[in-house]
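> Return a 3D structure for these sequence lines:
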Amino acid sequence: MEPAPSDRQPAPSPAPPKLRPYQAQLVNDLYGKLMAGFRKVVIIAGTGAGKTVISGQICAHAEAKGSRLLFLVHLDVLVGQTYDKMKSFGLPCGFIKAGWPENPDAPIQIASVQTMAKRDWWKTWPADLVFYDEGHTTVFSQVGQELLYNTHPGAIHLAMTATPHRLGNDQLGDHFETLVAAPPPSAIQKMGFLAPMKYFGIPAEDQVDLNGVQLVAGDYNEKQLKNACDRPELIQRVVQEWLRLTPDRRTIAFCVDVGHARHVAEAFRQAGVQADYVAGNTPIKKRQQLYGAIASGDLRVLTSCNVLSIGFDVPSIEVGLLLRPTMSSALHQQQIGRVMRISPQTGKTHGTILDQAGNLQRLGFPEDITTYELPLGSVETEAQPGQAHSAPKKQCPACNACIQSFVMECPECGHDWMADRPIYTQDLIALMGREQLSQITDEAERCRIYQALRQRCFRQGYDPNLARNNYHEYFAVWPHDSWTQGAIFGKRPSRVQADNYRIFLERIARKRGRAVNWVMAEFEKEFGGGSWGMFVGMRSA
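Numbering: from 1, shown residues only. Purely as a prediction, here's the structure:
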């Protein structure tokens, strides 16, 4: 059992956490929604975006205004974490949790939904605001539904989640009115608050075979998954790939069940790697020791089943092993999010995901997310494989890196997908015809066609934008920006070629009345960022 507040050593109260600019903006956006009259709002902040700081600030503002707030959590370990955050803001708390002191007079009540099911006094406690931590879970508990519709229908209801989509037909949009959201993970990465990521798969013959594994309530049958995943040859292959790609890096593994987690940890130990496992029944003291050991690097691999996905905050983790196939984008994003936190003090430069479960192909990367929406049960949800935010993926045959399907050169090993593809010429494109071209789905072939169109524009003195428009006419989608570089002159252009292309662009610009900025931008599309200064500077010198 986690120690209650009275059992903890007193410590000086630190200054309240300072919100990052996007966190402060999110809080302001929330207050704008409340001022507009909304009473049920979902707050979306991806893993690593700082949900506990955001929620703590909201609670601090509510307490300062004299409001009474009920804060729901669904895991015992989250009670202590929530209390620590409330303390950092100097907030007085009571608890609805077995083993923790009850104080109905406290303005903030941290409540476990399991304990609430066995208590009654909260039903008449005059909460002005009900806050649902991990709202995609707590809102749909029996207690959560009772608060929403029976005991506290007049309160303000806020649901915090990293992943608004959930399995099944009942969605947050069926119970809440609107949302506010933090920037998507790719934007936070660019700000420097999330680590850049690398993704790797396992060769096809060593991936989990899901033939015969059925879906139950939208996700894979756990008992059948156990038989498919907890196999010595598969586990050994993961250990081998880890030793090849990420030896000695702090690693967590997401497994099917406790037995699977134990077997994976044993396989790493047999390979001479310090490893252990954590389960739901692991005592809190032992769990904290394991977390401390993996954080310090004394432990290299920590395996788990349904423990590390939520409430585990060790930024120094560098590698995540996806060993449990899932259809849940919420679970998938939470697992990857454990590896996305930054840790400059430990020298972490990026996170790495090694996927044996096929989840990256099925559910994509966090970087695929561009916007957030409030899902409704009446529309297609993640019970249907593949989300709108999930771009198609492919796996490099040379190094097993998982990348987006439109990338033509592997960023890890340099494998070129176009090396063994036909070279499309203007004549070949004309002979094929629009209908035949539109049936080409292979990304490498489409890239070749787009590059052939750009080459034609250059040879015939046409505006380079014509190639892009022609491609869209053939395929009803726009070509990827990354296909433009080197399309005409290849990877190693000469200074003479660069000069000729500059002259070509300047002629088009004069004819079309375009500024020099257009010439520079088009030049760098072909020769790469910064190439204008390099080539034109060389010419001037």
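> how close does Gly99 sit to Trp122?
Applying C-beta to C-beta, to the nearest Å, one obtains 17 Å for the distance of Gly99 from Trp122. Where C-beta positions appear, they are placed from N, C-alpha and C, glycine not excepted.
> More neighbours: these two, which one.
A count of neighbours by other C-beta atoms under 10 Å puts Trp122 above the other of Gly99 and Trp122, at 20 against 13.
> Next one, pLDDT for the more buried one please.
Looking at Trp122, its pLDDT is 94.
> And it, how close does it get to Ala155?
12 Å.
> cool, Gln189 as well?
Here Gln189 is placed at a distance of 36 Å from Ala155 (C-beta to C-beta).
> low-confidence ranges in the stretch 1-150 of the chain?
1-14 (pLDDT under 70).
> can you give me the strands in it?
Counting by DSSP state E, counting those that start in this stretch, the stretch 1-150 of the chain has strands at residues 40-44, 69-73, 93-96, 108-112, 129-132.
> Identify all contacting residues around the fourth one.
Same thing as strand 108-112. Contact partners of strand 108-112, identified using C-beta atoms under 8 Å, 6 or more residues apart in numbering, comprise 59, 62-63, 68-76, 79, 82-83, 86, 91-98, 100, 122, 125, 127.
> Separate out the buried members of those residues.
Among the contacts of strand 108-112, those buried by neighbour count (16 or more other C-beta atoms under 10 Å) are 59, 62-63, 68-76, 79, 82-83, 86, 91, 93-97, 100, 122, 127.
> who touches the nearest residue to Gln236 once chain neighbours are set aside in this structure?
Leaving aside its chain neighbours, Gln236 sits nearest to Ala267 (6.1 Å; criterion: C-beta to C-beta, 6 or more residues apart in numbering). Listed by C-beta under 8 Å, 6+ apart, the contact set of Ala267 reads 232, 235-236, 238-239.
> which SSE is Ala267 in?
helix 258-270 (DSSP states H and E).
> what about the stretch 151-300 of the chain, any weak spots by pLDDT?
For the stretch 151-300 of the chain, counting by pLDDT under 70, not a single residue falls below.
> all strands for it, in order.
Using DSSP E, counting those that start in this stretch, strands in the stretch 151-300 of the chain cover 156-161, 178-181, 197-201, 215-216, 219-220, 251-254, 275-278.
> So what touches the third one?
Right, strand 197-201. For strand 197-201, contacts defined as C-beta under 8 Å, 6+ apart pick out 207, 241, 245, 336, 339-340, 350-356, 358, 360-361, 365-367, 395, 399-403, 412.
> Buried ones in that strand, by neighbour count?
So, applying 16+ other C-beta under 10 Å, buried residues of strand 197-201: 197-201.
> Figure out how far that strand is from the centre of its chain.
Distance of strand 197-201 from the chain centroid (C-alpha atoms, centre = their mean, to the nearest Å) equals 13 Å.
> go on, the longest one?
Counting by C-alpha atoms, centre = their mean, strand 156-161 is centred 21 Å from the centre of its parent chain.
> cool, the fourth one as well?
Distance of strand 215-216 from the chain centroid (C-alpha atoms, centre = their mean) equals 24 Å.
> What strands line up against that strand, and which way round?
Sheet pairing of strand 215-216 (DSSP bridges) gives strand 219-220 (antiparallel).
> Repeat that for the first one.
Applying DSSP bridges, strand 156-161 is found paired with strand 40-44 (parallel), strand 129-132 (parallel).
> mind exporting the longest one as CSV, just the C-alpha atoms?
As requested, C-alpha coordinates have been extracted for strand 40-44 and formatted as CSV (Å, rounded to 0.1, in the frame of the first residue of the first chain):
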residue,chain,number,x,y,z
LYS,A,40,-18.5,19.7,-20.0
VAL,A,41,-15.1,20.0,-21.6
VAL,A,42,-12.5,17.5,-22.6
ILE,A,43,-8.8,18.6,-22.2
ILE,A,44,-6.5,16.7,-24.6
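> just how off-centre is it within its chain?
How far strand 40-44 lies from its chain's middle: 19 Å, per C-alpha atoms, centre = their mean.
> try stretch 470-485
The answer for stretch 470-485 is 27 Å, by C-alpha atoms, centre = their mean.
> For that stretch, buried residues please.
Residues of stretch 470-485 classed as buried: 470-471, 474-475, 479-480, 483-485 (neighbour count, 16+ other C-beta under 10 Å).
> among the residues you listed, which two are most distant?
Spanning the widest gap among these are Tyr474 and Gln485, at 20.9 Å by C-beta to C-beta.
> Do you have the helices of the stretch 401-541 of the chain handy? List them.
Using DSSP state H, counting those that start in this stretch, the helices of the stretch 401-541 of the chain run over 426-438, 443-460, 465-475, 495-512, 516-527, 531-540.
> Show me the one of the ones you listed that comes nearest Cys255.
Cys255 sits nearest to helix 443-460 of all the helices of the stretch 401-541 of the chain, at 33.4 Å, using C-beta to C-beta.
> just the angle between that closest one and helix 495-512, please?
Going by axes from the mean of the first three to the mean of the last three C-alpha atoms, to 10 degrees, helix 443-460 is angled at 70 degrees with respect to helix 495-512.
> got the CA positions of helix 443-460 in CSV?
Written as CSV, here are the backbone C-alpha positions of helix 443-460 (Å, rounded to 0.1, in the frame of the first residue of the first chain):
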residue,chain,number,x,y,z
GLU,A,443,4.8,5.1,-53.6
ALA,A,444,8.2,4.5,-55.2
GLU,A,445,6.7,4.3,-58.7
ARG,A,446,4.6,7.4,-58.1
CYS,A,447,7.7,9.3,-56.9
ARG,A,448,9.5,8.3,-60.2
ILE,A,449,6.5,9.6,-62.2
TYR,A,450,6.5,12.9,-60.3
GLN,A,451,10.2,13.3,-60.9
ALA,A,452,9.8,12.5,-64.6
LEU,A,453,7.2,15.3,-64.8
ARG,A,454,9.6,17.8,-63.1
GLN,A,455,12.3,16.8,-65.6
ARG,A,456,9.9,17.4,-68.5
CYS,A,457,9.1,20.8,-67.2
PHE,A,458,12.7,21.8,-67.0
ARG,A,459,13.6,20.4,-70.4
GLN,A,460,10.7,22.2,-72.1
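> just checking, what packs against it?
Counting contacts by 3 or more C-beta pairs under 8 Å, 6 or more residues apart in numbering; DSSP states H and E, helix 443-460 packs against helix 426-438, helix 465-475.
> pretty sure Met116 is in contact with Ile96, am I right?
Yes. Shown here, Met116 and Ile96 form a contact pair, counting by C-beta atoms under 8 Å, at 5.5 Å.
> residues shared between the contacts of these two?
Taking C-beta under 8 Å, 6+ apart as the criterion, Met116 and Ile96 both touch Trp122.
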